[in-house]
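[1] Give the three-dimensional model of this entry:
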Amino acid sequence: MGEIQYVPLSVTVGYFALVTIIGIYYTRKATSALDEYYVAGRTVGPIINAIAVVMAIGSAASFMGFLGMGYKLGFLLTLCISASAITGYVWTQFMYSGPLRRHGKFTLVDFLSERYPTPYIRPISALLISIFFFAYLIPQYKGGGVVADSLLGLDFTTGVILTAIIVLVYTSLGGMWAVTWNAVIQGIVALSVLLGLSVTAFYLLGGWNGALIAATQNKPLLMAINPKIPWLLYVGVYTAIFIFMGTAPHVVMRALTSKTARTARLTMAIVSVLAILLYFVSYVGIILGGAAFFPKLKDPDFIVVEQVKAFWHPIGAGLTVAAIMAAIMSTTDAMLLAIAAHIQHDLIELIKPDISERTKVIIAASVIIVASILAILLTLFAFRAELIGVMVTLLTGAIGSSFFWPLVLGIWWPRATKWGGLFGVLSGSITYSTLELMKVLPKFAAVFPALIISFLFTVLVSLMTSPPSKAELSLVLRMHKLSDEEYEQLKARYG
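    Alright, predicted model coming up:
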């Protein structure tokens, strides 16, 4: 812990006060009904929702960890991350957003349980998502601790607890309304800071040529293929992030907040443009600047922090803290809201379905509080030394391996059956987790066999079991707005 930096701290406190006020403001609206709490009454417009999607995905990894991975392992890895994010958003726009909005429920598990109506799919999927998302909180809280320690002069523990408390307050109070409007503010601040830091690096280094020369003199392999890195690592990173963009349950929840299916697609189109600014334009200058000015960083996660401390006024440092905290909190609040939705809506309601709307909201808020406290303890005492980018990439692979094919085939292949969907989820999750724990493949490469096995189980088990029921085909009809004639053709084909 160093000397407290009062100017950056004042800016950060002001920012925290603003987002807390927003959460309090939306308390009454959000707690009036579960639809308001989880999906903001399904009335969010495309621009607002697009910024919220980017910030929900744009975690501590996007604003710290992925930049650090690019700095350490080379710009090719950054290109993989950028390309996977952008193409993943485009894939989501065309493949998921419209059908999921027409489906019109709260969560990914809602879709899976209706499309694959076995008694097991809901609790298993909800439990998997809750575990993965709970683990996802840990690198976010670590990022908050690192920033508070480096730029504010607070100790790591204080930073972790402060980050968690602010997110806890406005998420549990305001639900998706608070999350959405805070994400707008956070998105504007975060994108402005990263783009500003990229421009600063190019300016100080004399433009593109100067930045490239200075950076590669210090790190000759920065812009080249590193022969020490297996190609499966690059492809694994791309694949893990790509499949996560479409299957991330909190992105699914974002699609469900859209006014219409058309609005959901327009939202993802805007997201793709914002992703180019975030993952490519801003990353280039920051990574080149980090390699040029700070070629021997002990912890690559500090690449943004060190440049801000060196080149910006303390007010700029305060805005940077606010920006990084914005990214951390936007992801964290989305994760917490998704965890609450899955535990309350997909687990507790299976046991006691007749509880009141008000009680459901209270349960959801209680889940958020408990998850936050447990994540704080694990961050402080178990995972403090882990790299942010590595933790996040591993978790994106876990989520995508479990749900990518059951989601895709459930929407676009009417022959997919309830047992095929269930075995697709289980086989993908078990394969990925087992291979990563055994470390028999290069890091991040377990996603490939997991995806293959999940696809094979979904297809083969579907073909071996009874065709989908009329209710399941009716869901396909609703998602794709098929005509009565097209529906009869489906019915004739699949029984």
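[2] First residue to last residue on stretch 405-420, what's the distance there?
    The first residue of stretch 405-420 is 10 Å away from its last residue (C-alpha to C-alpha, to the nearest Å).
[3] For that stretch, which residues meet the burial criterion?
    Residues of stretch 405-420 classed as buried under the neighbour-count rule (16 or more other C-beta atoms under 10 Å) are 405-411, 413-420. (Glycine included, C-beta is placed from N, CA and C.)
[4] of all the residues you listed, which comes closest to L152?
    Taking C-beta to C-beta as the measure, L407 is the one of the buried residues of stretch 405-420 closest to L152, at 40.7 Å.
[5] Leaving out the residues flanking it, which one is nearest to the closest one?
    T247 (5.5 Å; C-beta to C-beta, 6 or more residues apart in numbering).
[6] And that neighbour, how close does it get to L274?
    20 Å (C-beta to C-beta, to the nearest Å).
[7] which of the buried residues of stretch 405-420 lies closest to V361?
    Nearest to V361 among the buried residues of stretch 405-420 is L407, at 27.4 Å by C-beta to C-beta.
[8] what's the helix or strand for the closest one?
    Secondary structure assignment for L407, by DSSP states H and E: helix 388-412.
[9] Could I get the full set of helices for the stretch 1-150 of the chain?
    Counting by DSSP state H, counting those that start in this stretch, the segments of the stretch 1-150 of the chain that form helices are 6-25, 27-30, 34-39, 46-57, 60, 66-73, 75-95, 97-103, 108-115, 121-147.
[10] Nearest to L232, out of those?
    L232 sits nearest to helix 75-95 of all the helices of the stretch 1-150 of the chain, at 11.7 Å, using C-beta to C-beta.
[11] And that closest one, what's buried?
    75-93, 95.
[12] now swap in stretch 221-234 and tell me
    Neighbour counts using 16+ other C-beta under 10 Å place L222, I229, L232, L233, Y234 of stretch 221-234 among the buried residues.
[13] rewinding a little: if you count what's nearby, which of T247 and L274 comes out ahead?
    Using other C-beta atoms under 10 Å as the criterion, T247 and L274 rank with T247 on top: 25 against 20.
[14] need the next SSE after the helix holding L407, C-terminal direction.
    Next element after helix 388-412 (DSSP H and E): helix 418-438.
[15] Name the helix or strand for I355, please.
    Taking DSSP H and E as the criterion, no element holds I355; it sits outside all helices and strands.
[16] any idea of the pLDDT on it?
    For I355, the pLDDT comes out at 78.
[17] which residues sit in contact with W312?
    L197, T200, T320 (C-beta atoms under 8 Å, 6 or more residues apart in numbering).
[18] Give me the distance between it and Q140.
    For W312, the distance to Q140 (C-beta to C-beta) stands at 24 Å.
[19] Same question for A327.
    In this view, A327 and Q140 are 9 Å apart by C-beta to C-beta.
[20] From the contacts of W312, pick the one nearest V459.
    L197 (46.5 Å).
[21] can you pull the contacts of the closest residue to G410 other than its chain neighbours?
    Spatial nearest neighbour of G410, chain neighbours left out: R115 (4.3 Å); criterion: C-beta to C-beta, 6+ apart. By C-beta under 8 Å, 6+ apart, the residues touching R115 are G410, A416, K418, G421, E472, L475.
[22] Can you add pLDDT and distance to I161 and give those residues back as JSON lines?
    JSON lines is the format used below for those (pLDDT from 0 to 100; distance: C-beta to C-beta, whole Å):
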{"residue": "G410", "pLDDT": "90", "distance to I161": "41"}
{"residue": "A416", "pLDDT": "92", "distance to I161": "45"}
{"residue": "K418", "pLDDT": "93", "distance to I161": "44"}
{"residue": "G421", "pLDDT": "95", "distance to I161": "40"}
{"residue": "E472", "pLDDT": "77", "distance to I161": "47"}
{"residue": "L475", "pLDDT": "75", "distance to I161": "44"}
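[23] Make TSV from these and add distance to Y15 to it.
    What follows is the contacts of R115, written out as TSV (distance: C-beta to C-beta, whole Å):
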residue	distance to Y15
G410	41
A416	46
K418	47
G421	43
E472	47
L475	43
